[in-house]
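In: Whatever this is, show me its structure:
(2 chains)
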Amino acid sequence: MNRKKNRNIENFLLLFLLIMALLVPLILGANQYNILLVTTVLLYGVMATSWNIIGGLAGQLDLASFAYLGLGAFTSGTLFIRFNFTPWIGMILGGLVAAGFALLIGIPLFRFQIREVWYALTTCALVEILKVVFNMWEEVGGPVERYLPYFRGSLYHMRFSSYVPYYYIMLGILLIALLVNSRIARSKLGYYLKALGEDETAAEVLGVNTRACKLRALVYYSFLIGVTGAVYANMYGYVHPSFFNGQESIKIAILGIVGGRGITYGPLLAALLLVGTQEFLRASLGGEVSGLYLVIYSIILILVVLFRPSGIATLFQSGYQKLATGEVKKKSVI
Amino acid sequence: MEIIIQSLFNGILMGCIYALIALGLSIIFGVMNVVNFAHGNFVMLSMYFSFWVSSLWGIDVVLTPLITFPLLFIIGMLIYYGMIDRTLREHYTIQIAVTVGLMTFLGAITQLAWQARPRAISYSFIQGNIQFGGYTIALSRLISAIISLIIIISISFFLSKTWPGRSIRATSDDSDAASLMGVDFRRTYALAFGLGSSLTAIAGGLLMTFQQVDPTMGLRFGLLSWCILALAGLGSIPGLLISGLIIGVGESLTMSFWDPRARSLVIYLIFILVLWLRPRGIFGRK
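Out: Below you'll find the model as predicted:
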C-alpha cells in the first residue's frame, strides 16, 4: 500500500521534472548564451551520471571521463570533417571507439589486479597520455583547433544555428544515461558491482566474477560518454586535444562523490547544483575570478566528504521519504 | 654523443630533486596507507611560497626553505588533524576524494592569489654555469641536486636512528604492533604527514632556482611522484633514488631526442608498464 503510494508520487515527480526540463528553452527564451550554459550543466549531468556506473556502483575511482569524451568527439568530428559523415551515426561510432579503447585498457588493467589508488592514477595518466598523443598526431589532432564545417541548420550534419536542438539532444542522452543507470542498479550486475565496490576480495570469494563485472561497467560508462563526446564536438563546432582535460575529469568524479555514490539521481543532482552555481558565478562575475568557483567546489567537496560521505542525495532522500510516507526511515536505502 | 652526455647530466640532476619529492610521498603513503593526491600541489604551493618569501623579503631563493619548511610542516599537521584523521576508517574512495578536494583547493587558491601567469625568480646567487670538459652544467641544478641528496641521506638517518623516525618505520610496518609497543599512532601519522609535506618545501625552493611556477604544475608533479613511487615500491630509499634518476633521465632523453611535448608521455607509459608488470615496484620491500 505504502509502496504503491510511494511509486505514484515518484512517477508524478519525475513527470513534472521532465516537463520542466522540456520547457526550459521556452522560459529562457531567445538568450542563446543561457541555453548554452544550461546545456553545459546537462553535459556534466550526463557525464557524472555515467560515471556513477563505474565510480559509484563498482567503486572504481575512474578519473578518465574526458578521455572517452575526447575520443568520441574526435571520432565523430574527424569522420564529419574528412568524409562528410553524419554525426548521428558518428556518435554511435564515437561511443564504440571509446568503449573499445576502454576495453583495450580495462582488460590488462583488471587482469593485473590494478585497484584503488593505482586504478585512479592510471586513468588520470591516461587522459594526459591521450592529450599528448593527439597533440602530436598531426593527421587527426594537432595543436590547432579543427573546425567542423558550418551549416545553418542541417539535420543531417547535426549543425544548428541555435543551441536549443543541442539542449534537447543532451536531454535525451541524459534520460538514456539515467535509464541505463537505474536498470543496472536493479539488475544482477548492479548487485555484483555494489558487492565488489564495497569489498572486492569478499565478492570474489563469494563467486562474483569481478573482472568481467568491472569490464562491463567500464564499457557502459565509456560508451555513454563517447556518444556525449560527439554531441560535444558538434555543439562547440571544433575538436581540439584540450578536450582531454585531466582537471575536468577529476571534477566529474567529484560530482559523482558529492552527489552520492551509487545513487542514480545523485550525480545529476550534484551537477545541477554545483555546475549550475559555477556557470552562474562565471556568467555574473566574469573571468577575473577564474579560480573562485573552484575554491567553492573544493570546499563543498571536502565538507560533504567529511560530514556526509554518503552524498548530498541522501539528504534529499530522507526528506523525500518523510514527504512520501510520513515517517522517517533510520537509514536510507542506497 | 655530446648531446647524450649532456642530457644524461641534466636528467640525473633533475632526478635527485624528483627523488626528494617522491620521498615525502613515500613517507605519507608508506606509513598510513593514505593516498595523497595533493602531493604535487604541495610542491607547487612551496614553489609559490618560496617565490613570495624571496620577492617580499629579498631572501635568496635557496634559503627560503628555512622559512617554508616549518610552514609546510605546520600546514601538513593541520591538514592531517583536520581532514585525513577523520577519513582513516572510511572507504578508500572517500580518502582519495578528500585529498582530491585538497588538491583542487590548493590549485584554485594559488590561481586566485597569483593568477594564471607563470612566476619566476630573477636572481639567485647560485646562478651561472660550470664548464666541465666541453659540457655545460647549470650551477643551480648541480647545487640543487647536491642539497637534495644531502636531505635524502639525512632523512634516511632520521628514519633509522632517531626515536620519532623509528616510530614512523614501526608504524608503517605494523601499526597495531607499534601501538602495542607504546607508539601513539595518530601522532606518528601527523608527524609523517607533516614531514612528507615539508620535504616538498625544500624541493620547491630548489626547483624555484631554475624553473618557473604556474598553477597547472601540481597535477604533473603529483603524477610524477606517484610514478617514482610505483617504480620504487615502498620502504627502500636507495630504490627511490634510483627510480627518481630513471624518471629524470628518461624525461631528459625524450626531450632532447624525440619531442619536448612527449616528456610526460614517456613517464606515464613507464608508470603504466611498471604497474602492470611489477605491481610492487622494482625495489619494493612490502
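In: I'd like to know the average pLDDT value across the helix or strand hosting residue A:169.
Out: Applying DSSP states H and E as the criterion places residue A:169 in helix A:164-186. The average pLDDT within helix A:164-186 is 90.
In: Please enumerate the strands of the stretch 201-334 of chain A.
Out: Taking DSSP state E, counting those that start in this stretch as the criterion, the stretch 201-334 of chain A contains strands spanning A:238-239.
In: Give me the neighbour count for residue A:94.
Out: By the measure other Cβ atoms under 10 Å in any protein chain shown, the count of residues near residue A:94 is 33. The way it works is simple: take the backbone N, C-alpha and C, and place the C-beta from them, glycine included.
In: correct me, but it touches residue A:68?
Out: No. Counting by Cβ atoms under 8 Å, residue A:68 is not a contact partner of residue A:94; they are 9.1 Å apart.
In: Now do the shared contacts for the two.
Out: A:226, A:229 (Cβ atoms under 8 Å, 6 or more residues apart in numbering or on different chains).
In: Quick one: name whatever helix or strand follows the helix holding residue A:169.
Out: By DSSP H and E, the next helix or strand past helix A:164-186 is helix A:188-198.
In: Show me which positions of that next one end up buried.
Out: Judged by neighbour count (16 or more other Cβ atoms under 10 Å in any protein chain shown), helix A:188-198 contains these buried residues: A:189-197.
In: how about low-confidence regions in the stretch 151-286 of chain B?
Out: When the per-residue scores of the stretch 151-286 of chain B are filtered using pLDDT under 70, the ranges that remain are B:279, B:281, B:284-286.
In: no no, chain A
Out: Across chain A, residues meeting the criterion (pLDDT under 70) sit at A:1-7, A:286-291, A:320-334.
In: show me the residues around the residue nearest the centre of it that make contact.
Out: With the centre of chain A defined as its mean C-alpha position, the nearest residue by Cα atoms, centre = their mean is residue A:47, 0.9 Å away. Contact criterion Cβ under 8 Å, 6+ apart gives A:65, A:69, A:225, A:228, A:252, A:255, A:271 as the residues in contact with residue A:47.
In: That one - nearest residue in space that isn't next to it in sequence?
Out: Distances taken as Cβ to Cβ, 6 or more residues apart in numbering or on different chains put residue A:252 closest to residue A:47, at 5.0 Å, once the chain neighbours are dropped.
In: give me every residue that touches that neighbour.
Out: The neighbours of residue A:252, taking Cβ under 8 Å, 6+ apart as the test, are A:44, A:47-48, A:51, A:65-66.
In: What separation do you get for it and chain B?
Out: Using Cβ to the nearest Cβ, to the nearest Å, residue A:252 is found at 11 Å from chain B.
In: thinking again about what came up before, list the contacts of the helix holding residue A:169.
Out: Counting by Cβ under 8 Å, 6+ apart, the neighbours of helix A:164-186 from elsewhere in the structure are A:18, A:21-22, A:24-25, A:35, A:38-39, A:42-43, A:45-46, A:49-50, A:52-53, A:57, A:158, A:160, A:190, A:193, A:217, A:220, A:224, A:227-228, A:231, A:234-235, A:262, A:264-265, A:268.
In: what is the orientation angle of it with helix A:188-198?
Out: 80 degrees (axes from the mean of the first three to the mean of the last three Cα atoms, to 10 degrees).
In: Just list the residues touching residue A:301, thanks.
Out: Residues counted as contacts of residue A:301 (Cβ under 8 Å, 6+ apart) are A:254, A:257-258, B:97, B:100-101, B:104.
In: Repeat the analysis, applying 7 Å as the threshold.
Out: Listed by Cβ atoms under 7 Å, 6 or more residues apart in numbering or on different chains, the contact partners of residue A:301 are A:254, A:258, B:97, B:101.
In: What count of nearby residues applies to residue A:265?
Out: Burial measure for residue A:265: 21 neighbouring residues, criterion other Cβ under 10 Å.
In: quick one, phi/psi of it?
Out: Reported as degrees, to the nearest 10, the phi and psi values for residue A:265 are phi -90, psi -10.
In: how far away is it from residue A:181?
Out: Taking Cβ to Cβ, to the nearest Å as the measure, residue A:265 falls 9 Å from residue A:181.
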